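Asker: Give me coordinates for this.
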Amino acid sequence: MLTNDRERKICEKYSAVGEDGRVRCRECPLVKDFAHILCKANSHYNRKRREGVYDWEEVQE
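Answerer: Model (predicted):
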């Protein structure tokens with residue numbers, strides 16, 4: 001979940017498609033866990049579960 005303009009600009013910069021046809025998400029400072037593609041643009045920290053969860057994931061409790 002991007003919370004401010006600074007984070008949105010960072011995300012735009014690294015997610016833009018380059019001349020080679022690829023994005024640079026691997027280099028982005030907002031990535032939390034690249035193996036699971038968790039980054040600040042698509043996830044948030046759930047205090048009850050004590051882990052990062054995707055924004056679209058509903059907490060089942």
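Asker: Okay, and the beta partners of the spatially most central residue of the chain?
Answerer: Nearest to the mean C-alpha position of the chain, by CA atoms, centre = their mean, lies C39 at 2.1 Å. Beta bridges link C39 to V31 when assigned by DSSP bridges.
Asker: Quick check: it touching P29?
Answerer: No: between C39 and P29 there is no contact under CB atoms under 8 Å: 9.6 Å. For every residue, glycine as well, the C-beta is placed using N, CA and C.
Asker: Which parts of the chain are strands?
Answerer: 31-33, 38-39, 43-46, 51-54 (DSSP state E).
Asker: Packed most tightly, which of those strands would that be?
Answerer: strand 38-39 (a mean of 19; mean count of other CB atoms under 10 Å).
Asker: Spell out the residue ranges of the helices in this protein.
Answerer: Assignment of helices within the chain using DSSP state H yields the ranges 5-15.
Asker: Report the contact partners of N42.
Answerer: Applying CB atoms under 8 Å, 6 or more residues apart in numbering to N42 gives the contacts Y54, D55, W56.
Asker: could those residues be laid out in CSV, adding distance to A35 and pLDDT?
Answerer: Formatted as CSV, the contacts of N42 follow (distance: CB to CB, whole Å; pLDDT from 0 to 100):
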residue, distance to A35, pLDDT
Y54, 14, 89
D55, 18, 87
W56, 19, 84
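Asker: JSON lines please, covering those residues and showing distance to A16.
Answerer: Shown next, in JSON lines, are these (distance: CB to CB, whole Å):
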{"residue": "Y54", "distance to A16": "22"}
{"residue": "D55", "distance to A16": "21"}
{"residue": "W56", "distance to A16": "23"}
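Asker: Surely C28 is in contact with I10?
Answerer: Yes: counting by CB under 8 Å, C28 touches I10, with 6.8 Å between them.
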